[in-house]
Every structure is written in C-alpha cells, then in structure tokens.
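[1] here is the input, now give the coordinates:
(2 chains)
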Amino acid sequence: MGRKILFITTDQQRYDALGCNGGLIARTPTIDALSKHGITFDRAHPQNVVCMPSRSTMLTGQHVATHGVWMNGVPLPEDAPSIAADLRETGYATALIGKAHFEPLLDPFLRFTENRMGAHRTTNENPNDPHRGFDHMELATHGAAGALHYSQWIRDNHPESVLSYYRVLDNELQVNAEGGGDTKAPQVHVNPIPTEWYHTEWVAQRTIAWLESLPADKDWFCWMSFPDPHHPWDPPASEMHRVRWQDLDLPENYIANSTTREAVLDDKLRHWRGWYDGTFVSNYEAPARWVPATLTQDQVREVNAYTHVENELIDEAIAKVMGAIESRGWGNDLDVLYTTDHGEFQGDFGLLFKGPYHVDSLMRLPLIWRPAPSANIAPARVSAPVGHVSLAATFAHIAGIAQPSYVEAPRLPIHQAEAEQLGHERVLTEWDSVLFGKIVHLRTICRDNWVCTAALDGSMSRAGEGELYDLTHDPLQHVNRWDDPSVRALREDLLADMWDNLPSQQLPLRTMDAPV
Amino acid sequence: MGTVRRFSFIECDADTVWAFVGAPERLHEWFPITSCRVEGNKRWIELAAGITFEEDIVTLDHDLRRFQYKIVNNPLITFHLGTVDVIPDGPNRCLLMYSTDMDPEVLALPIGGAAGVGIAKVKEMFDRK
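    As a prediction, the model looks like this:
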C-alpha cells in the first residue's frame, strides 16, 4: 500500500484566516494541527487570483499562460493534463468532491461535463475514461442555484431551503450587490438553513461516504473542495453566535482615514482607484453595482465575522473527515495538503472581493502539507516563495511516480534548505481580463521578499507602468516603489527574471464562454 | 450591452453553407440545442437545461445571406439581436460569422460560446479537404 492523499481546498481564503498563521478570531484547531505536524508555507501564491485559472493550475501543474484558462468563464480543455488522471493510471482511486470549477457555471446549454453530471445526477459519465481523471465527482458551488450535485440534492431533499441562500446573481445576471445582515454589507445574508444541510457539511459527508466505499487496501487521492468562505457570506444563522461582528477590530490593512486610503490607492495602478470609485469594473468577480468607496467600517466588521464563522465550520468539517480516515486505519499513511484558490480583500484598502490587484490580500495564501506520519518528515515552516503550480508535482512525489512532463514547477519542499535545492526562488502570477472591452493585463513576480507587477497595455494602464512593493519594510504594500530610482535596478532585475521564467502565453486566447 | 462575435472561414462556397445555416428550422443540426420549431416568422428553441426561447425572425435575406432573430417574451432578456452572416471569400471559400448583442450583457457570453461550438460543427460538415 502507498500513501493516501487528501487534498483540501477552500475558496477565497486569506493566509491570516487560520490560527497557525496568526489568525486570532476563527478557531481552526484541526488545520492548526496539520500545520504543527507538517510543513507550513508562509509565502505561497496562486498563479491567478480568480477561481477557474487558479484551480486549473492546481490540476495541471502549469502556469496560466500554458493551460490557457486565463479568466473565469474560459473552460479548461477536456484533454488538458490532469494529475488526477496520472494518479488513477497508477492505481489510485480518485475523487473530487465539492467545488471543481474547471468549467463555467453559467451553462444553459449544458455544454460542460461538470454541469451535465449534476443535471443528470451521475458522478462519472465515462467510467473507462473519467472526466479529468476523477473516478467520482460530486460537485457544489456557493448555494443552491445551478445544476451541480449539491443543488440537486438540496432541491430533492430539502426544497424548503433552496431559497434560504443568498441570491448570487441579480435580475440582470450581474453579481448581486444587495446587502444584508445588520449593516447591509454587500453579499451578506442571514441564512436560516440548518448547519447539516449547508454545503460545507455536505462536502464533508459526501467525502466520508466516498472514502467508506473504498476497499481498505486501496490507495486514493481525494480532492475535498469547500466552496466557502467565498462570498456570498451566508453561513447558517444558527452559527452566527460564534463571532459577534460588533466585537471585532478592523483589519490591520483597513485604512480608516479616507484621505490616506485614497492616496494609497492613487499610488497604485489606475484601475484600483477606478474600481474604488465605481467607474471601472474590469471583471465579473465583484458586484458591478456596488461602489467600494461606500464601504463602512461596520460592514467590514460584519463581513469578517461571517467569514470567520465559515472558516470555523470548514475546520470542523475537516475534523469529521479526518476522524473517518482514522477509523479506516489509514491515518499513518495519509498525506494532507491544504490550501485555497485565492485570497479576499476583507476590508483591506477599504475593499472587498477580488480582481486585478496583486497584493497579499489576494495572493498570500494558506498552504500546508502534512506528510504521512509514516514518511517521518519533520515539521517546518518555509518562507521561500512557492505556488500552486508545484502541487501536481507534489502529488506525484507522494504517490511515488515520476514527475509528469507537463508540469512547470518542482514539487513543494519539505524544509527551507530544500526549497533552495529545488529551485524555489520566485513565484509568478498572471492576470488577463477583457470583459466587454475593459482590459487589464498584469504579470507579477514575487522574489527576495519583493512583489513586482508589470502592467501590459490595457484600458487604464500602459506597458511600462506597474507596482513594486518591499514586503520586508512595507508588509501592507502601501508604498509603490515602481518609480523609485533607488530601486530601479532591482525592478529591472525582477522584471527580467519574470520574463525569463514565465511561459509564453498560448495565443490566440481561448474564448470566454461565460462570465463565471 | 453585451456583444460577442464568433467566426470561421470554411473551405466551401457560400451558397452551399448558406443553404444550411440560412434554414432557421435546421438550427438544431448545428447549434448545441435540443430542439427547434418554426412557424411563420416565429421560432422556438429548447436548451439542454430545459430553457425555451421564443424568437422572432426579423431578417432572412437570401441575397445578402444574412439571418437575424430576436429572443422575445422573456422576462430576463431586455434586448437581443442575433445575426448569422455567410460572406463569400472567392468561389470556394466563405466566412461564417455569428454575432449577438444583448442585455443582460453577460448572457451574450454563453450564447457566444454555443455559437463557437455550432460554427465549428458547420466547418467540420462543409470544409472540403
């Protein structure tokens, strides 16, 4: 028997959400224990800060330029590489339970397999050649709308709860700007659904059910993918007693003085201020009709309270799955990897949600690898820059198979010295959005504790403009050093390194077949 | 307003391609829908997700090789105009182009995606090797 792999992802979760990373509000003892006994990465970045491109990188081990899913709504090709397929080929049972999102969710033609499997209530359309190499897919997203399995389950079993979720899209199919809760914060909603019917619990229970279906001697790879704490923020109302928003401090990077805040935003690429003022909505990932400049301090507190509650529920769900794995006798051979697809502003800079903003709020992510106890790997914290692009190679390494030829980064290191040996010097992140003519293209490198973002020609920026932050002396990234002559040579070195290491973008860009 | 455009050059004469895509009742033979019914200047199409669109055929110009239609009587869709053009590019080649302009704008994207699938199918059917 080999090592089993439980790959846990959340959606839109910050590095500081977890106790092991300094989080002080949400209690996350299960994840903290993974960190305590594993390798915790303190500078892990996604290769894109929205869902579909980021998740495609996890599966393929490739940068966005290579796999071609440059924005939400661009489907990952059916024949794209998949580490799950390689693991299955070597005898692993494979499953993805929860949020996949390699394909668009808005799909009235049911063109895409994820939606079609949900609509047809099947977990595998072709057992001989399963979709993306997963023997079993049971899928969910943020609520009860759409065709995916969780939506069908709740419609079949608890139809009275379908409308208890926040309505994600408004009447014009825009991301809904309607506010709720006590402060009328956008996408906050009091959800009367019982906790046991909420999607976090469903993901855990379906994972347990799949694991229980396996023979004791089977090796397996399970991607357990929670849709939370992504907006809408609508956890079960019965759980809201855990964190009172009135008791929360404002986030460290919330700039209370509006003059100072706007000066910081004005120091960045112009699309930041355009979004803040509501004059330039470049992408579909935030409510187009919500103006961030209207965000109040109490709304920031309430969004954070809802998020902390969702994070606690995720931690408790993981504990149940870990317990089920222990009860099968697999604990000693179990590797657990934990991460998320991208971050969330959660009030930083007076903003919510996400978009073309390459700062720690969206890019610095939780990433933990708890190796199988049987592997006798010592716990460590790694500060070297790493990315999701290393996950596929890591899964292959755990399974004892050769690193697939298609991956573009080495496996994750098990300690700081090995990070250097494996070549983890830099991590790269891309952004491309062209939604109905509003164009933003960014390329970012993080190396030596600097983050350098180059803009390409777009609606509000021109090639030659950018952002440069010193993470050591300016960890909140308030001071853009791009035009500072004293660091010009460093900037040019970072840019040269980035262009040397970023794969060439596949052109023409694949078509965007849905907004999300 | 959402606006999308998909197109492909097809190695086939324009008249042959137009005879197929210019027949509104044959949409289901190339576009990823489940059924299609035409009565006069009305068309109804059904999508795999169970949604039915009622459409008005507003242009069927065999000289220009242009077909235009609007989705109507739909509470969600406040504006729509879909256009299919077949443009000759010499005697044995043509350009097949599908455009959609609509509100809500985001709905133009999945329709554009479906049009891409449909155009690829027409190309597969008519491209002369």
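[2] please report phi then psi for residue A:282.
    phi -90, psi -20 (degrees, to the nearest 10).
[3] that one contacts residue A:437, correct?
    No. With contact defined as Cβ atoms under 8 Å, residue A:282 does not reach residue A:437; the gap is 10.2 Å. Backbone N, C-alpha and C define where each C-beta goes, glycine included.
[4] overlap in contacts of these two?
    Shared contacts of residue A:282 and residue A:437, defined by Cβ atoms under 8 Å, 6 or more residues apart in numbering or on different chains, comprise residue A:459.
[5] so between these two, which is more surrounded?
    residue A:282 (22 against 7; other Cβ atoms under 10 Å in any protein chain shown).
[6] could you report the distance from residue A:441 to residue A:227?
    28 Å (Cβ to Cβ, to the nearest Å).
[7] who has more neighbours, those two?
    residue A:227 (27 against 20).
[8] can you confirm the more buried one is in a helix?
    No. Using DSSP: H, G, I helix; E, B strand; the rest coil, the assignment for residue A:227 is strand, not a helix.
[9] which residues touch it?
    Going by Cβ under 8 Å, 6+ apart, the list of residues near residue A:227 reads A:11, A:98-99, A:140-142, A:199-200, A:203.
[10] burial count for whichever residue of the stretch 51-200 of chain A sits closest to chain B?
    As assessed by Cβ to the nearest Cβ, chain B sits closest to residue A:110 within the stretch 51-200 of chain A, at 3.6 Å. Residues lying near residue A:110 (other Cβ under 10 Å) number 19.
[11] so it, which of the three states?
    Secondary structure for residue A:110, judged by three-state DSSP, is coil.
[12] and it, what does it touch?
    A:116, A:119, A:147, B:47-49.
[13] of those, which is the nearest to residue A:516?
    Residue A:516 has its nearest neighbour among the contacts of residue A:110 in residue A:147, at 13.8 Å by Cβ to Cβ.
[14] so the closest one touches residue A:113, yeah?
    No. With contact defined as Cβ under 8 Å, residue A:147 does not reach residue A:113; the gap is 11.0 Å.
[15] ok, the two, which is more surrounded?
    A count of neighbours by other Cβ under 10 Å puts residue A:147 above the other of residue A:147 and residue A:113, at 24 against 20.
[16] coming back round to it: would you convert the contacts of residue A:110 into a markdown table that also reports secondary structure and distance to residue A:310?
    Listed next are the contacts of residue A:110 as a markdown table, based on DSSP: H, G, I helix; E, B strand; the rest coil; distance: Cβ to Cβ, whole Å:
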| residue | secondary structure | distance to residue A:310 |
| --- | --- | --- |
| A:116 | helix | 29 |
| A:119 | helix | 27 |
| A:147 | coil | 24 |
| B:47 | coil | 33 |
| B:48 | coil | 33 |
| B:49 | coil | 29 |
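[17] highest neighbour count among the residues you listed?
    That'd be residue A:147 among the contacts of residue A:110, by other Cβ under 10 Å, with 24 neighbours.
[18] how close does that residue sit to residue A:114?
    Counting by Cβ to Cβ - residue A:147 and residue A:114 are separated by 8 Å.
[19] what do you get for residue A:402?
    29 Å.
[20] which of those two has more neighbours?
    residue A:114 (26 against 9).
[21] what residues does chain B put near chain A?
    Neighbours of chain A within chain B, by Cβ under 8 Å from any Cβ of the partner chain: B:1-3, B:6, B:32-33, B:47-49, B:51, B:76, B:103-107, B:109-110, B:112-114, B:116-117.
[22] looking at the residues you listed, which are in helices?
    B:109-110, B:112-114, B:116-117 (DSSP state H).
[23] which of those count as buried?
    Neighbour-count burial (16 or more other Cβ atoms under 10 Å in any protein chain shown) applied to those gives B:109-110, B:112-114, B:116.
[24] which one of those residues is nearest to chain A?
    Looking across those and measuring by Cβ to the nearest Cβ, the closest to chain A is residue B:113, at 2.8 Å.
[25] quick check: closest non-adjacent residue to that closest one.
    Nearest residue to residue B:113, sequence neighbours excluded (Cβ to Cβ, 6 or more residues apart in numbering or on different chains): residue A:513, at 2.8 Å.
[26] how deep is that neighbour tucked in, by neighbour count?
    Residue A:513, neighbours per other Cβ under 10 Å, totals 25.
[27] re earlier: which single one of the ones in helices among the residues of chain B next to chain A is nearest to residue B:88?
    Scanning these for proximity to residue B:88, where the rule is Cβ to Cβ, the winner is residue B:116, at 21.9 Å.
[28] neighbours around the spatially closest residue to that closest one that is not a sequence neighbour, how many?
    Using Cβ to Cβ, 6+ apart and skipping the chain neighbours, the partner closest in space to residue B:116 is residue B:6 (4.6 Å). Counted with other Cβ under 10 Å, residues neighbouring residue B:6 total 20.
[29] next, the contact list for residue B:6, please.
    By Cβ under 8 Å, 6+ apart, the neighbours of residue B:6 are A:511, B:97-99, B:112, B:115-116, B:119.
[30] in chain B, which residue is closest to the centre?
    Most central in chain B under Cα atoms, centre = their mean is residue B:84, positioned 4.9 Å from the mean C-alpha point.
[31] that one should be in a strand, yeah?
    Yes. Assessed by three-state DSSP, residue B:84 belongs to a strand.
[32] thought residue B:21 was touching it, still the case?
    Yes. With contact defined as Cβ under 8 Å, residue B:84 and residue B:21 form a contacting pair (5.7 Å).
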